[in-house]
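Colleague: coords please:
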Amino acid sequence: METETQLEGHSQASTTPVAANTTLNALVTGGAQGIGAATARKLASRGMNVLIADMSVEGKQLAQQIKDEYGVDAAYQYIDVRRGEDIDMMIKTFVSKWGRLDYAANVAGINLDGGELRDDETKVSQAVFDRAEAQQMASQEPRPVHVTPSTPKEIAYQRGSIVNISSTAALTTYGFPSYSATKAAVLAITRNGAVFYGKHGIRCNSVCPGFTATPMARPMYPDSLEDQVTTNGPEIATNVPLRKNAWPEETASVISFFLSDESSHVTGSNLEVDGGLSITGSSPF
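Modeller: Next up, the predicted model:
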């Protein structure tokens, strides 16, 4: 069971600690598969209770697996982050089970077929852009009603941490203009959230994954997705300094760092988990 750690008689956190015997509780949107599922498992391995919020019912099976494997409490809640009523229900479920929200990983996003977004911005329909914008913004905006540890209880505790998932598409030119724009907005939302919630002791940071072997990426490489993360393996990684792409667990470990007291004085920051791709200014494709 993870609780706040002590250093030379003082809490490592810059915020008010919870009681030593208090179990921490985490929310993972988009937690049923890929980076979200890896994050849910990582947090559970640290002894946290986890609510997996996702449109996919695979989250229900994952929640049971987490309970069996890690001995923590876990639950699944259906949510479409674009729907306010779903968000309200998610919060009610969370509060009724555990009462307090310590950590939030906002991983929910959208995967659009490259043919809809690539090559020519004039070919991107308004409907496609609106769909991308709606899901990315709704899933990442640090509103206290759903994705922040900022219920009245948490304001009193003066603690909490949020991680929003952006993308290296926000930093380099992929040829996905609408997707890149929404992911860049996530970075701005995160920085503003850090300022807005900082006075309450709540931190807000972001992570930019590069190409990652997740179920959403499988349609691009139906027969060779796993090959895309082997060192010196695929042609897709030739622009990556490490010459490999990422497993979901590699990104989850960075998210876990932000959702811990190891990063207690870090807020408004972004960390790329891309094997160095973004420093080259290249596209992975």
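
Colleague: C-terminal to the longest helix anywhere in the chain, what's the next element?
Modeller: What stands out as the longest helix in the chain, according to DSSP state H, is helix 177-198. Using DSSP states H and E, the helix or strand that follows helix 177-198 in sequence is strand 203-209.

Colleague: Residues contacting that following strand, please?
Modeller: With contacts defined as CB atoms under 8 Å, 6 or more residues apart in numbering, strand 203-209 is touched by 35, 142, 148, 160-168, 170-171, 183, 186-187, 190-191, 193-194, 197, 246, 251, 254-255, 258, 263-264, 266-274, 278. The way it works is simple: take the backbone N, C-alpha and C, and place the C-beta from them, glycine included.

Colleague: Swap in 6 Å and give it another go.
Modeller: Strand 203-209 has contacts (CB atoms under 6 Å, 6 or more residues apart in numbering) with 142, 161-168, 187, 190, 193-194, 197, 251, 254-255, 258, 267, 269-273.

Colleague: now stretch 62-78
Modeller: By CB under 6 Å, 6+ apart, the list of residues contacting stretch 62-78 reads 37, 44-45, 49-53, 59-60, 90, 93.

Colleague: before we move on, back to that, buried ones in the longest helix of the chain?
Modeller: By 16 or more other CB atoms under 10 Å, the buried positions in helix 177-198 come out as 177-187, 189-191, 193-194, 197.

Colleague: Output the contacting helices and strands for that helix.
Modeller: Judged by 3 or more CB pairs under 6 Å, 6 or more residues apart in numbering; DSSP states H and E, the packing partners of helix 177-198 are helix 126-140, strand 203-209.

Colleague: Just say helix, strand or coil for Pro241.
Modeller: Reduced to three states with DSSP: H, G, I helix; E, B strand; the rest coil, the structure at Pro241 is coil.

Colleague: In contact with it, which residues?
Modeller: Pro241 touches Gly276, counting by CB under 6 Å, 6+ apart.

Colleague: just Arg191 next, same as before
Modeller: Applying CB under 6 Å, 6+ apart to Arg191 gives the contacts Gly268.

Colleague: and the helices and strands packed on helix 177-198, which one's lowest on average pLDDT?
Modeller: Mean pLDDT values for the helices and strands packed on helix 177-198 show the minimum at helix 126-140, a mean of 50.

Colleague: neighbours of Met31, just the number please.
Modeller: Actually, residue 31 is Gly rather than Met. 34 (other CB atoms under 10 Å).

Colleague: And it, what's its pLDDT?
Modeller: The model's pLDDT for Gly31 equals 95.
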